[in-house]
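[1] fold the following for me, if possible:
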Amino acid sequence: KNKPEVNQRVTKTALIKDLNEEIDKLKSELFATREKNGVYLTVDRYEKEQKDAKAVRERCEELEGLLELKEKELQETKNLFE
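    All right, here's what the predicted structure looks like:
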């Protein structure tokens, strides 16, 4: 969300809409926190965090597989020159 864009034009209504959405999100998180003792997230925020974590795990597994493949290729190449 915090992506710098050069010469981006934002209308007042769009800015107000974004700020209202942020305020609503913060209010719901505050309400969830007040209801419990400790740190609590709203259901939407928790689901988003879980989805993001799952995507990161999947990407990590994909990259680990790619790394193993490249290491095997490197070893085979080294063996050719020995």
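[2] list the helices and strands the strand or helix carrying E58 packs on?
    Take DSSP states H and E as the rule and E58 turns out to sit in helix 43-80. The elements that helix 43-80 packs onto, with contact taken as 3 or more CB pairs under 8 Å, 6 or more residues apart in numbering; DSSP states H and E, are helix 12-35. The C-beta positions use only the backbone N, C-alpha and C, and glycine is treated the same way.
[3] rounded mean pLDDT for the helix holding E58, please.
    Here helix 43-80 scores 92 as its mean pLDDT.
[4] the spatially most central residue of the chain and K12: what is the separation?
    Geometric centre of the chain, nearest residue: D52, 4.7 Å, by CA atoms, centre = their mean. Distance, D52 to K12, using CB to CB, to the nearest Å: 31 Å.
[5] repeat for E49
    According to CB to CB, E49 stands 32 Å off from K12.
[6] between the two, which one's more packed in?
    Using other CB atoms under 10 Å, the more surrounded residue of E49 and K12 is E49, with 11 against 7.
[7] find the residue closest to the more buried one in space, skipping its chain neighbours.
    Distances taken as CB to CB, 6 or more residues apart in numbering put L41 closest to E49, at 7.0 Å, once the chain neighbours are dropped.
[8] ok, that neighbour - contacts?
    Contact analysis of L41 by CB atoms under 8 Å, 6 or more residues apart in numbering lists E29, A32, E49.
[9] run the last query once more with 10 Å
    L41 sits next to S28, E29, A32, T33, E47, K48, E49 when contact means CB atoms under 10 Å, 6 or more residues apart in numbering.
[10] for T11, same thing?
    K17.
[11] so what does it look like in phi/psi?
    Main-chain dihedrals, T11, degrees, to the nearest 10: phi -70, psi 160.
[12] what about T33, how many neighbours?
    With other CB under 10 Å as criterion, T33 counts 14.
[13] right, I'll leave it there.
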